[in-house]
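>>> Got a predicted structure plus its sequence, pasted below:
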Amino acid sequence: MKAPLFYSKILLFGEYGIIKNSKGLSIPYNFFKGGLKTGSLNDKNQIQSNHNLLKFRDYLLNIDHKIVTFDFDKLDSDLRNGMYFDSSIPQGYGVGSSGALVAAFYDRYAFNKITVLENLTKPKILILKKIFSLMESFFHGKSSGLDPLNSYLSLPILIHSKTDIETTGIPAQTTKGKGAVFLIDSGESSQTAPMVDLFFKSMKNKDYNNMIKNEFIKTSDHCVDDFLKGNFNSLFANIKSLSKIVLKNFKPMIPDNFKELWKKGIESEDYFLKLCGSGGGGYILGFAKDFDKAKKSLSGYNLEVVYNF
């Protein structure tokens, strides 16, 4: 079975905020990818993947058939023939490993699927997001559907609100510029569901709720606007503010060994850190006006450039 590949994603802005209707900006990240394969299931990872796909298949049986239906005859045949998800996307790292799997499943097994080649109107994008939300909830407990949407379309996605989403262009990368958006490997994976549960518990506190609405979301929205317009000077002023807000109010989501590094970036202005996905481990997202300077400050850490400007 030769199947298409689906890529990882990076939510540049909007983590946690999009749960409360903020803006968000998500981009494909082609460094990692995954696809469905069939084979003799030679190693334990392939066997485990096949076993997980069987469970996912049972979950899909119970999804509302008015929203999406699947070719279970084809799916069951592939599973019997040793289908597994072959992926280089690290799990629990905030780059959309389950999103790529969901996109691959929809692409291969959904009846009457919305394709990337047709005119992608906002209503069609919202239908896709709803389908993907239902499908990915098997992995997360409650999914926005955004990760599989990004993986499936392989285009940058701009979220204005829960009901207003569109594909978008982003400023062209330049190899001549000094600036970069980059990933730092925290060295430990995390699970999305416990982090999101913790956030919802915190939101029951009135002061925390006000901080999210009046500080966190406003600053994050400014970052989205600045990035899309290529206003990088203004972006860095807002990124610094956002990094401070996260350090103060999202401490459980920041790995302990990164708290001092986070603070050091804010104080030196060599780089600014923010959460990549739900946090708690996995990747951390970094922004630097001068990447060479950031590399020196972060020597000893594995940095992966996502975007040059």
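Thanks, I have it. Residues are numbered from 1 along each chain as shown.

>>> pLDDT weak spots in the stretch 201-309 of the chain?
Across the stretch 201-309 of the chain, nothing is flagged by pLDDT under 70.

>>> what are the ranges of the helices in it?
206-211, 217-229, 232-249, 259-268, 291-297 (DSSP state H, counting those that start in this stretch).

>>> what does the longest one rub up against?
Contact partners of helix 232-249, identified using CB atoms under 8 Å, 6 or more residues apart in numbering, comprise 179, 208, 211, 215-216, 219-220, 222-223, 226-227, 253-254, 259, 262-263, 265-266, 269, 272-275, 287, 289, 309. Quick note: C-beta positions are derived from backbone N, CA and C, even for glycine.

>>> Can you report how many residues lie near the residue lying closest to Asp270 once chain neighbours are set aside?
Nearest residue to Asp270, sequence neighbours excluded (CB to CB, 6 or more residues apart in numbering): Ser297, at 4.2 Å. Ser297: 15 surrounding residues under other CB atoms under 10 Å.

>>> residues contacting the residue nearest to Met83 when sequence neighbours are not counted?
Nearest non-adjacent residue to Met83, counting by CB to CB, 6+ apart: Thr38, 4.8 Å away. Counting by CB under 8 Å, 6+ apart, Thr38 touches Met1, Asp78, Asn81, Gly82, Met83, Tyr84.

>>> returning to that earlier point: will you turn the helices of the stretch 201-309 of the chain into TSV that also has distance to Asn112?
Shown next, in TSV, are these (distance: least, CB to CB, whole Å):
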stretch	distance to Asn112
helix 206-211	41
helix 217-229	33
helix 232-249	41
helix 259-268	47
helix 291-297	46
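
>>> closest one to Lys44 among those?
helix 259-268 (35.0 Å; CB to CB).

>>> That closest one to helix 232-249, inter-axis angle?
On the basis of axes from the mean of the first three to the mean of the last three CA atoms, to 10 degrees, helix 259-268 is oriented at 140 degrees to helix 232-249.

>>> so what does helix 259-268 touch, helix or strand wise?
Helices and strands touching helix 259-268, by 3 or more CB pairs under 8 Å, 6 or more residues apart in numbering; DSSP states H and E, are helix 232-249, strand 272-275, helix 291-297.

>>> Tell me which of those sits most buried.
The highest mean neighbour count among the helices and strands packed on helix 259-268, using mean count of other CB atoms under 10 Å, belongs to strand 272-275: a mean of 24.

>>> Return the list of strands paired to that strand, each annotated with direction.
The sheet places strand 272-275 alongside strand 283-288 (antiparallel), with pairing taken from DSSP bridges.

>>> how distant is the partner strand from the center of its chain?
Chain-centre distance of strand 283-288: 14 Å, with CA atoms, centre = their mean, to the nearest Å.

>>> so who does Ile10 touch?
Ile10 makes contacts with Ser26, Ile27, Tyr29, Val95, Leu183, Cys276, Leu285, Val306, as judged by CB under 8 Å, 6+ apart.

>>> quick one: the last one and Tyr283, what's the gap?
To Tyr283, Val306 is 10 Å away according to CB to CB, to the nearest Å.

>>> remind me which residues of the stretch 51-200 of the chain are low pLDDT?
Scanning the stretch 51-200 of the chain for pLDDT under 70 picks out 96.

>>> Show me where it has its strands.
Secondary structure of the stretch 51-200 of the chain by DSSP state E, counting those that start in this stretch: the strands cover 83-87, 157-161, 164-167, 180-185.

>>> Just say which of those strands is most tucked in.
Highest mean neighbour count of those: strand 83-87, a mean of 22 (counted as mean count of other CB under 10 Å).
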